[in-house]
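Enquirer: Let's see this in three dimensions:
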Amino acid sequence: MQLIATVTLNAKEPHAAPPTDLREAEFQAVRGLYMDGFIQQIWVYADGSGSSMIVEAPSAAVAADRLGALPMVRGGYLTAPTVVALAPYWGFGPRS
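Expert: Numbering: from 1, shown residues only. Below is the predicted model of the structure:
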């Protein structure tokens with residue numbers, strides 16, 4: 001099933017910029033999820049406050065678990081992911 005997932009900067013806990021090694025670990029983890037076909041698309045917000053992803057998973061819970069394991073989420077720099085199941089747009093289907 002396709003889902004949309006969002007993560008945002010954690011505004012509740014002020015942080016300095018994440019260390020380089022944590023950012024690199026995040027890049028590698030996201031790249032791996034993309035190469036595995038889990039992340040289909042990822043878009044970073046222009047203001048740098050977070051990102052939205054189209055992901056493929058059997059359930060929202062599975063997607064939340066996988067994204068919750070990302071280094072920047074575990075490190076508290078990003079919020080836990082919000083995941084919502086997607087369905088096709090109804091307006092393109094046959095009309096009666």
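
Enquirer: going on from the helix or strand Ala64 falls within, what's the next piece of helix or strand?
Expert: Ala64 is part of helix 60-68 when elements are defined by DSSP states H and E. Next in sequence after helix 60-68, counting helices and strands by DSSP H and E, comes helix 71-74.

Enquirer: Show me the contact partners of that following helix.
Expert: 7, 18, 22-23, 25-26, 29, 67-68, 78-81 (CB atoms under 8 Å, 6 or more residues apart in numbering). Yep, even glycine has a C-beta here, placed from its N, CA and C like the rest.

Enquirer: So which bits of the helix holding Ala64 are buried?
Expert: Neighbour counts over helix 60-68 (16 or more other CB atoms under 10 Å) mark 60, 63-64, 66-67 as buried.

Enquirer: Give me the mean pLDDT for that helix.
Expert: Across helix 60-68, pLDDT averages out at 98.

Enquirer: ditto for stretch 35-42
Expert: In the prediction, stretch 35-42 has an average pLDDT of 98.
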